[in-house]
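Q: Pasting a predicted model and its sequence here:
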Amino acid sequence: MDRVLYIAMSGAKENMHGISIKANNLANTGTTGFKADLEQARAMQAFGEGLPTRVFSMTERPGQNFDDGAITMTERDLDIAVTGKGWFAVQDADGNEAYSRDGNLQLSATGVLQTAGGLPVIGEQGVIQLPLPVQKMEIGKDGTISVRPQGAPANVMEPVARIKLVSPAFADIEKGLDGLFRRKDGEVAEANATVSIQSGALETSNVNAVGEMTQMISLQRQFEVQVKMMKTAEEMDRQHNQIMRII
């Protein structure tokens, strides 16, 4: 009896975990450069002091959907979209290097190039800081940033920095709780000259809202089945106790 209850209980718990993954994907449908999390469940043996006679289900986040999102043209000088397989480097909250595709960039009051979340963008020489005041700024396909200083002639564009672009293998990176990607071994990825960006554009989220909603409904129904199994196990246990009292 306890086997049925244990399997149903663990199944319901992991169904809820799967629902939370799908809900997070749906919540980030409008997040620039977001990569949807994948979800899967598998049977796991429960080991303890006795024999391993119990099996429970476990939902995992095996990785992300690395498909490219759609490119939306914005014509904004500070918007960039990584084309193909690649990332640009940013400095995370702990001061370490991480990777993102959220190209909605901005300039701080001190001239630091940042993401929309305030994370500094990293170039080949460290954090990118532009000389202020800037009248115009352009970002080339290779990540080169050129600026026209305030008061300079219209035909003057000076290259001042280059965004670090990387392309580590998908199997070598993982997404953190902050939504940024990092190498699993903790090392820094090397710059890759083959990665290119498109200026004046943003990559939208690759979440398929309809697909995520359908899978969420399926997980919710599975959860209801697990709860019914627990109620059935409870009823069977009650009947068993009644038979034992008669005997």
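A: Received it, and whenever you're ready, just let me know what you need.
Q: And the helices in this protein?
A: For the chain, the helices identified by DSSP state H occupy 2-27, 209-246, in order along the chain.
Q: So which of these is the most surrounded?
A: Mean neighbour counts were taken over the helices of the chain using mean count of other C-beta atoms under 10 Å, and the top value, a mean of 18, falls to helix 2-27. For every residue, glycine as well, the C-beta is placed using N, CA and C.
Q: For stretch 190-198, what is the distance to the chain centroid?
A: The offset between the C-alpha centroid of stretch 190-198 and the centroid of the whole chain comes to 20 Å, using C-alpha atoms, centre = their mean, to the nearest Å.
Q: Quote the end-to-end distance of it.
A: As for stretch 190-198, its first-to-last residue distance stands at 21 Å under the measure C-alpha to C-alpha, to the nearest Å.
Q: I'd guessed Val188 sits against Glu97; true?
A: Yes - the pair Val188 / Glu97 is scored as a contact, 5.2 Å apart, by C-beta atoms under 8 Å.
Q: ok so, going back, include distance to Pro168 when you put the helices of the chain into TSV, please.
A: TSV is the format used below for those (distance: least, C-beta to C-beta, whole Å):
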stretch	distance to Pro168
helix 2-27	23
helix 209-246	26
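Q: ok, how many other residues are close to Tyr99?
A: With neighbours defined by other C-beta atoms under 10 Å, the count for Tyr99 comes to 25.
Q: That one and Gly176, how far apart?
A: The spacing between Tyr99 and Gly176, counted by C-beta to C-beta, to the nearest Å, is 10 Å.
Q: tell me how far the ends of stretch 136-147 are from each other?
A: Between the start and the finish of stretch 136-147 there is a gap of 6 Å, counting by C-alpha to C-alpha.
Q: how far does it sit from the chain's center?
A: Put simply, stretch 136-147 sits 27 Å off its chain's centre (C-alpha atoms, centre = their mean).
Q: quick revisit: spit out the residues that contact Tyr99 and Gly176 alike.
A: When contacts are counted by C-beta atoms under 8 Å, 6 or more residues apart in numbering, Tyr99 and Gly176 have Arg182 as shared neighbours.
Q: Scan the helices and strands of this structure for the one with the lowest mean pLDDT.
A: When the helices and strands of the chain are scored by mean pLDDT, DSSP states H and E, strand 54-60 comes last with a mean of 63.
Q: how close does the closest residue to Gly86 other than its chain neighbours get to Pro168?
A: Using C-beta to C-beta, 6 or more residues apart in numbering and skipping residues adjacent in sequence, the residue nearest Gly86 is Val195, 3.4 Å away. Counting by C-beta to C-beta, the separation of Val195 from Pro168 is 11 Å.
Q: Could you pull out the residues contacting both of these two?
A: Overlap between the contact sets of Val195 and Pro168, as judged by C-beta under 8 Å, 6+ apart, is given by Trp87.
Q: Tell me which residues touch the nearest residue to Ile19 once chain neighbours are set aside, please.
A: Nearest in space to Ile19, with sequence neighbours left out and distances taken as C-beta to C-beta, 6+ apart, is Leu219 at 4.9 Å. With contact set as C-beta under 8 Å, 6+ apart, Leu219 has these partners: Asn15, Gly18, Ile19, Lys22.
Q: Could you measure from Val166 over to Asp94?
A: Distance, Val166 to Asp94, by C-beta to C-beta: 19 Å.
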